[in-house]
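K.L.:
with the input below, show me the fold.
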Amino acid sequence: MLCASAMALTTACTTDDPFSEYTNYGGGSTWNGGNENNGNGNEGSSSSGSYTVSLTDIAIDKTTAEPTSAASAYYPEDEDNIENESFSSATTVNIVFNESGVSCDAPNTMTVSTNGAHLTIDHGSSSKVIYNVSGETSAGSLTIAGEKKYKLCLNGVSITNPDSTAINLLSKKRAYIALSGNNTLTDGSASKDSDQKAAFYCKGKMLFSGSGSLNVYGNTKNAIACADYIIFSKGNNIYAKSTANHGIKANDGIYINGGILNVEVSAAAAKGISCESDIIVNGGRTTCITTGAGAWDSDDNETKGSAGMKADANITVNGGQLYMKSTGNGGKGISADGTLNVTGGDIFVITKGSKYSSNNDSTSPKGIKTDGAITISGGNILVSANNEAIESKSTIDITGGHVYAYGSDDAINSKSHMTISGGYVMAHSTGNDGLDANGNCYIKGGVVYAIGTTTPEVGIDANTEGGYKLYVQGGTIVAIGGLEGGAQLSQSCYSTSSWSKNTWYALYNGDELALAFKTPSSGGTTLVVSTPGTTTLQSGVTVADGTSYFNGMGNIGGTSSDGSSVSISSYTATGGPGGGGFPGGGPGGRW
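P.N.:
From the prediction side, this is the model:
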């Protein structure tokens, strides 16, 4: 469960808030279910001691402390951890910038050249060198080369280079970058350097530490770029903004072990964080906002959209918080050419754009999109998207965690098989299926709340046309819009042909309140429910205590009172796609 203190989202209601139809806030830690009286009778209410967050917006947040909990830090090699390195006997070089030039006390064993406030230094074969950099210049730069790893301490420095990179680390060895005080790096929008890669560039491994701040502004290409991999650590406070390309770019990996990362990009098809290899998130708070539309990529001959976080390989989230927002046409929140594996942490995604088209090709906005498999075993995921909220071009396997997906197309879609065997999953579509597997769909366990629109769309869908099926084998299930026709129901399902909008229902498994849920303002006609035991249903209930799930649309572990019994009949998912039968018989409402 997420804690209220972990939220970094604004909660003001807006006309495009997809959750405004059913979210409302009570005082303190009590949430009230927003019980609008729309003539549907006793709609009931819910209160609990857990959070509800409205995904109306995601904003840059440099000041709120980073989350204290995190997964174990990841270092590809032991040397990458600054705590394993000793610079006690290092050679220290003090560099101070000013408007008239730059001072440097490097020893004669190093090669130093200056041109105004532009400094180039090569420490050669000298090992364990520490560069202490401070001062301010509006027309300078720092370039470092050398054959050995080194430590770069940014101690309240501000460097603007109108013509090229502000800091250019050309050594292929490890750069331990320690942040202290407030630091700012800026390049010019009219750079004269055709080879420039970023305002802050590193050819070797880029290893951040320290509790200072770093603001990097890329006006020519990327803000921060690395030809190797980047590691961010607890205490870092880094803001990267690019108006020309990506915010943070690395070739061989990006590993976020902690820190506060804020990224903004506005160029067409730009990525907040972009990596040609894997991205691993273990801690910290990372916020990426993209506003650029899609663009035609002449090298790959396809349209491409912006993305908050993009990996050409795999993305793994073990801890920390990710806040991703893309507002341009064709934009994605999180995109991976490989797999997405979520074992922990919190992920919040908003996409607001429309489809982007160019040269008879198009790209649509998605909340989370992968070419490889999506595996979720833990964590909390909330997505609001103007298309599919969560989409895999392969399989989706959910064994744990809390997933809330709200989309105008399929809320959760897999090109191949989808399996849910644990966790808490809500898939709410306003224009298509809630859960949609283009292979088989297996519901084996967990708590599943799926909302689809009217026929032929359904709450839970499988590719019957392609010879696949929906298999209901276990779990607590609510499906507004019904189930895919031809489903194989190993666990009995029950239905009612109508339901009341914006109303709290209580679903019982025998004498146990399995799930209290609130219905949306619209959706398919049929309501299907299922539990592992004797299934009964009540409407218009009042729910107290318990734990809030599904962004306030569900409650587990609470108590139910008032309400009235709902007559439900045994459900047989016969017929073609979107079909379903009501053969009569079966348990009635509770009491």
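
K.L.:
which strand residues bridge I556?
P.N.:
Beta-bridge partners recorded for I556 (DSSP bridges): T547.

K.L.:
ok, it touching V543?
P.N.:
No: applying Cβ atoms under 8 Å, one finds I556 not in contact with V543, separated by 9.9 Å. Placement of C-beta: from N, CA and C, glycine included.

K.L.:
mutual contacts of these two, please.
P.N.:
A516 (Cβ atoms under 8 Å, 6 or more residues apart in numbering).

K.L.:
which one's more surrounded, these two?
P.N.:
Shown here are I556 and V543; by other Cβ atoms under 10 Å, V543 has more neighbours (29 against 20).

K.L.:
residues near the closest residue to T559 other than its chain neighbours, how many?
P.N.:
Leaving out its chain neighbours, the residue that sits closest to T559 by Cβ to Cβ, 6 or more residues apart in numbering is A544, at 5.3 Å. By the criterion of other Cβ under 10 Å, A544 has 15 neighbours.

K.L.:
what about T184, how many neighbours?
P.N.:
Around T184 there are 19 residues (other Cβ under 10 Å).

K.L.:
that one: what's it in contact with?
P.N.:
157-160, 214-217 are the contacts of T184 under Cβ under 8 Å, 6+ apart.

K.L.:
can you tell me the SS state at N502?
P.N.:
coil (DSSP: H, G, I helix; E, B strand; the rest coil).

K.L.:
and it, how far from F517?
P.N.:
For N502, the distance to F517 equals 12 Å [Cβ to Cβ, to the nearest Å].

K.L.:
when the two are compared, which one has more neighbours?
P.N.:
F517 (26 against 20).

K.L.:
list the contacts of the more buried one.
P.N.:
By Cβ under 8 Å, 6+ apart, the neighbours of F517 are 449, 478, 504-505, 507, 550, 553-555.

K.L.:
one more time with 6 Å, if that's ok
P.N.:
By Cβ atoms under 6 Å, 6 or more residues apart in numbering, the contact list for F517 reads 449, 478, 505, 554.

K.L.:
what's the answer for C288, then?
P.N.:
263, 272-273, 308-309, 324.

K.L.:
go again with 8 Å.
P.N.:
C288 sits next to 247, 261, 263-265, 272-273, 308-309, 322-325 when contact means Cβ under 8 Å, 6+ apart.

K.L.:
and for G156?
P.N.:
134, 180-183, 212 are the contacts of G156 under Cβ under 8 Å, 6+ apart.

K.L.:
neighbour-wise, which of the residues you listed leads?
P.N.:
N183 (25 neighbours).

K.L.:
how far away is that residue from T114?
P.N.:
Distance from N183 to T114, by Cβ to Cβ: 21 Å.

K.L.:
repeat that for Y74.
P.N.:
For Y74 relative to T114 (Cβ to Cβ), the value is 39 Å.

K.L.:
neighbour count winner among those two?
P.N.:
A count of neighbours by other Cβ under 10 Å puts Y74 above the other of Y74 and T114, at 19 against 14.

K.L.:
hmm, I279 and the more buried one touching each other?
P.N.:
No: Y74 lies out of contact with I279 (Cβ under 8 Å); the separation is 10.9 Å.

K.L.:
can you tell me the centre-most residue of this structure?
P.N.:
Residue closest to the average C-alpha location in the chain (Cα atoms, centre = their mean): I347, at 4.0 Å.

K.L.:
can you tell me what sits against the helix or strand where it lies?
P.N.:
Assigned by DSSP states H and E, I347 belongs to strand 346-351. Contacting residues not belonging to strand 346-351 are listed as 2, 6, 9, 53, 55, 57-58, 308, 317, 320-327, 331-334, 365-368, 379-387, 389 [Cβ under 8 Å, 6+ apart].

K.L.:
please name the strands paired to it in the sheet, noting orientation.
P.N.:
Short version: by DSSP bridges, strand 346-351 pairs with strand 321-326 (parallel), strand 380-385 (parallel).

K.L.:
helix or strand right after the first one?
P.N.:
It stands for strand 321-326. According to DSSP H and E, the helix or strand after strand 321-326 is strand 332-336.

K.L.:
which strands and helices sit next to the next helix or strand after that next one?
P.N.:
Next helix or strand after strand 332-336 toward the C-terminus (DSSP H and E): strand 340-342. If you count contacts as 3 or more Cβ pairs under 8 Å, 6 or more residues apart in numbering; DSSP states H and E, strand 340-342 packs onto strand 315-317, strand 374-376.

K.L.:
so of those, which one's packed in deepest?
P.N.:
strand 315-317 (a mean of 26; mean count of other Cβ atoms under 10 Å).

K.L.:
against which helices or strands is that strand packed?
P.N.:
Going by 3+ Cβ pairs under 8 Å, 6+ apart, strand 315-317 lies up against strand 279-281, strand 340-342.

K.L.:
for V342, name its beta-bridge partners.
P.N.:
In beta-bridge terms (that is, DSSP bridges), V342 pairs with V317, I376.

K.L.:
spit out the contact partners of it.
P.N.:
316-317, 374-379, 381, 401.

K.L.:
also G353?
P.N.:
G353 is in contact with 293, 305, 326-331, 365, 386, counting by Cβ under 8 Å, 6+ apart.

K.L.:
let's see if you can find the most crowded of these.
P.N.:
Going by other Cβ under 10 Å, S326 tops the contacts of G353 with 36 neighbours.

K.L.:
so what's that residue up against?
P.N.:
289-291, 305-308, 332-333, 350-353, 365.

K.L.:
same thing with K148?
P.N.:
123, 125-129, 171, 173.

K.L.:
at 7 Å instead, please
P.N.:
123, 125-127, 173 (Cβ atoms under 7 Å, 6 or more residues apart in numbering).

K.L.:
just to revisit the earlier point, so what's the residue nearest to the centre of the chain bridging to?
P.N.:
When assigned by DSSP bridges, I347 has beta-bridge partners L322, I381.

K.L.:
and S560, by the same measure?
P.N.:
Under the criterion used (DSSP bridges), S560 bridges to V543.

K.L.:
do I have it right that it meets D545?
P.N.:
No: using Cβ atoms under 7 Å, S560 makes no contact with D545, being 10.2 Å away.

K.L.:
of these two, who's got more company?
P.N.:
More neighbours surround S560 than the other of S560 and D545, with 22 against 12 (other Cβ under 10 Å).

K.L.:
how much space separates the more buried one from I480?
P.N.:
Distance from S560 to I480, by Cβ to Cβ: 19 Å.

K.L.:
remind me which residues of the stretch 201-350 of the chain are low pLDDT?
P.N.:
For the stretch 201-350 of the chain, applying pLDDT under 70 flags no range at all.

K.L.:
typo on my end, it should be the chain
P.N.:
For the chain, the ranges with pLDDT under 70 are 1-56, 190-191, 193, 573-591.

K.L.:
picking up where we left off before, right, and the residue nearest to T559 touches S560 too?
P.N.:
No: if you go by Cβ under 7 Å, A544 and S560 don't touch, sitting 8.2 Å apart.
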